[in-house]
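Visitor: Here is a sequence together with a model predicted from it:
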Amino acid sequence: MQSGSFLDRVKIYVTAGKGGDGCLSFRREKFIEFGGPNGGCGGRGGDVILKAEPNLTTLLELAYHPHIDAPNGEKGGSYNKTGRAGENRYVLVPCGTIVRNLAGEFLVDLTQPGQEFTVARGGAGGRGNQSFKTQKNTAPHIAENGQPGEEITLLLELKILADLGLVGFPNAGKSTFLSRISAARPRIADYPFTTLNPNLGITLHKGISFATADIPGIIEGASEGKGLGIQFLKHIERTRVLLHLVDPDGFDDLSAEKSVKVIEKELKNFNKKLYKKPRIIVINKKDLPSAEKAYKAISKKFKKQKVLLMSAATGEGVDKVLDEVVKILATTPVEQLDMTEEKPVVHKVEPIFTITRDEDDVVHITGKKVEEFIAMTNFNQPEAVTRLKGIFKKIGLEKALLKQGVQDGDLLVVGGKEFEWNGDFDEEAPQSPQHAGYKRRTTKAERLAKRKARRKKSTEE
């Protein structure tokens, strides 16, 4: 991770592919008297799938390209040819990415390399007229439009997965230590707050490799949101072992001993599990006169912790520190993020439709399923409109509309389309889009007049 290019939170907008439209076709060949329908079905739309990629370390690419679409399915063809399905769209994210919906509800935690999660499914292909052939209707003039693909807005959050996490006050030498033990080259300077973004490096010591994360300096009050503390503290939640680097001269007006207590307090306040993680205290800058004194004082005060002395700048004592790190890592299992309160969302069964009436007396019919019926209906085909009317009767929509007091002339809005209700859901009605249960749209003034008359009538009764 290079400073300035690290990004750990992003919002993306995902749309799966639409299914291909079905084909309306008839077989017409010489010497074949009864060819019959031969329109094929459309292909399925592509899914959008998130995939954990170990070589990625930031969500920066998704921040630049937040709109993600999967290919649509192709249309069906004559001779019962099924359209080609849209290819799935794979979106690579770093290992350690947590996925939530727009409401903040937890969906999945992508921690394992290659782990996949489908966030939006492609729509089914529309059926061709060959699929509607029956004994009673041997020549159907109907074909479905493809089903729309799912759309969803997602919130992605990255929490670094590392074996060793470096913590401590600013200017304690964390970046210098990381550059000493790995090929990472974080920005290093002789003033506090040099590191503004987490840095990650791979360390190889005595044939054992492990990932080390350099977390920007934590200050007092970080667990309460002071500075950028919480933003940084969350990145060490998944580390297996913490290495606490201490400046022997302390930080600001804090002594070295006091600075250790402050960091411990911040870890405990932010997450008690952080405080309980295996932790090595390392007094850095051994080449300073004050280092030996600080080492003795901290070793005496923190007897339960392993306390070591080294110089990241000169390399003295670094191997001894790495020996201890490897030893502790060997006995510390990989711990997953605690998801006690982060249970995957269980979607409740939604009603097929919901009917509401707005202040302009317009009736709105909503519901994922009923909107799909509208989207998959080709209103240029009279048989398709008649079929839609039959579906509305079977699911109880007509009865529900009458129960809600819908009258002739009321404007219905469903699936982005407007219809005029005339109470005619009879399948024997004229077979045309203009007369399939609906008639001329009334004006807003006419609807308001009707509403006043209706209220007056109900008051008199």
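Guide: Nice, I can see it. Numbering: from 1, shown residues only.

Visitor: For the spatially most central residue of the chain, give me its contacts.
Guide: Centroid check for the chain by C-alpha atoms, centre = their mean gives residue 154 as the closest residue, at 3.5 Å. Counting by C-beta atoms under 8 Å, 6 or more residues apart in numbering, residue 154 touches 11, 12, 13, 14, 99, 100, 101, 102, 107, 119. (Each C-beta comes from the backbone N, C-alpha and C, glycine too.)

Visitor: Pull up the pairing partners for the strand or helix carrying it, direction included.
Guide: According to DSSP states H and E, residue 154 maps onto strand 151-158. Sheet pairing of strand 151-158 (DSSP bridges) gives strand 9-15 (antiparallel), strand 97-101 (antiparallel).

Visitor: Of the ones you listed, which is nearest residue 89?
Guide: strand 9-15 (8.7 Å; C-beta to C-beta).

Visitor: picking that back up, now the strand holding residue 154: how far from the chain's centre is it?
Guide: 3 Å (C-alpha atoms, centre = their mean, to the nearest Å).

Visitor: Redo the contacts of residue 154 as CSV? Include pLDDT.
Guide: Listed next are the contacts of residue 154 as CSV, based on pLDDT from 0 to 100:
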residue, pLDDT
11, 94
12, 95
13, 97
14, 96
99, 93
100, 92
101, 91
102, 90
107, 90
119, 95
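
Visitor: could I get those residues as a markdown table with distance to residue 356 and neighbour count?
Guide: Compiled in a markdown table, these are given as follows (distance: C-beta to C-beta, whole Å; neighbours: other C-beta atoms under 10 Å):
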| residue | distance to residue 356 | neighbour count |
| --- | --- | --- |
| 11 | 29 | 12 |
| 12 | 31 | 22 |
| 13 | 27 | 13 |
| 14 | 28 | 21 |
| 99 | 32 | 19 |
| 100 | 29 | 16 |
| 101 | 24 | 14 |
| 102 | 22 | 11 |
| 107 | 29 | 18 |
| 119 | 29 | 20 |
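
Visitor: if we can go back for a sec, against which helices or strands is the following helix or strand past the strand holding residue 154 packed?
Guide: Of the helices and strands lying after strand 151-158 in sequence (DSSP H and E), the nearest is strand 164-167. For strand 164-167, the elements it packs on are helix 174-181, strand 208-214, strand 241-246, judged by 3 or more C-beta pairs under 8 Å, 6 or more residues apart in numbering; DSSP states H and E.

Visitor: Rebuild these as JSON lines, extending it with mean pLDDT, mean neighbour count and distance to residue 404.
Guide: Below are these laid out as JSON lines (pLDDT from 0 to 100; neighbours: other C-beta atoms under 10 Å; distance: least, C-beta to C-beta, whole Å):
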{"stretch": "helix 174-181", "mean pLDDT": "85", "mean neighbour count": "23", "distance to residue 404": "66"}
{"stretch": "strand 208-214", "mean pLDDT": "83", "mean neighbour count": "20", "distance to residue 404": "59"}
{"stretch": "strand 241-246", "mean pLDDT": "89", "mean neighbour count": "24", "distance to residue 404": "62"}
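
Visitor: As a markdown table, the ones you listed with distance to residue 311 would be great.
Guide: Listed next are those as a markdown table, based on distance: least, C-beta to C-beta, whole Å:
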| stretch | distance to residue 311 |
| --- | --- |
| helix 174-181 | 9 |
| strand 208-214 | 17 |
| strand 241-246 | 11 |
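
Visitor: Go through those and name the closest to residue 62.
Guide: The closest of these to residue 62 is strand 208-214. By C-beta to C-beta, the value is 20.8 Å.

Visitor: From the opening residue of stretch 74-93 to its closing one, how far?
Guide: 29 Å (C-alpha to C-alpha, to the nearest Å).

Visitor: Offset the numbering so it begins at 37, please.
Guide: Sure thing, new numbering starts at 37, so read that last one as stretch 110-129.

Visitor: Check the offset of that stretch from the chain's centre.
Guide: Relative to its parent chain, stretch 110-129 has a centroid offset of 24 Å by C-alpha atoms, centre = their mean.

Visitor: same thing with stretch 276-288?
Guide: That offset, for stretch 276-288, works out to 36 Å (C-alpha atoms, centre = their mean).

Visitor: Also stretch 141-149?
Guide: Mean-position distance between stretch 141-149 and its chain equals 9 Å (C-alpha atoms, centre = their mean).

Visitor: quick revisit: report the separation between the residue nearest to the centre of the chain and residue 103.
Guide: From residue 190 over to residue 103 the distance is 12 Å, taken as C-beta to C-beta, to the nearest Å.

Visitor: overlap in contacts of the two?
Guide: What both residue 190 and residue 103 touch, as defined by C-beta under 8 Å, 6+ apart, is the set 48, 49.

Visitor: Look at residue 489 and say how many residues are nearby.
Guide: By other C-beta atoms under 10 Å, 11 other residues sit near residue 489.

Visitor: Buried by neighbour count: which residues of whichever helix or strand residue 127 is part of qualify?
Guide: Taking DSSP H and E as the definition, one finds residue 127 inside strand 125-130. Judged by neighbour count (16 or more other C-beta atoms under 10 Å), strand 125-130 contains these buried residues: 125, 127, 129, 130.

Visitor: Show me what the closest residue to the second one other than its chain neighbours is bridged to.
Guide: By that I understand residue 127. Using C-beta to C-beta, 6 or more residues apart in numbering and skipping the chain neighbours, the partner closest in space to residue 127 is residue 86 (5.2 Å). Beta-bridge partners for residue 86, by DSSP bridges, are residue 127, residue 153.

Visitor: Spit out the contact partners of residue 86.
Guide: Taking C-beta under 8 Å, 6+ apart, we find residue 86 in contact with 127, 129, 133, 135, 144, 146, 152, 153, 154, 155.

Visitor: Out of the buried residues of strand 125-130, which comes closest to residue 251?
Guide: residue 130 (16.2 Å).

Visitor: in a helix, that's where residue 99 is, yeah?
Guide: Yes. Residue 99: assigned to a helix according to DSSP: H, G, I helix; E, B strand; the rest coil.
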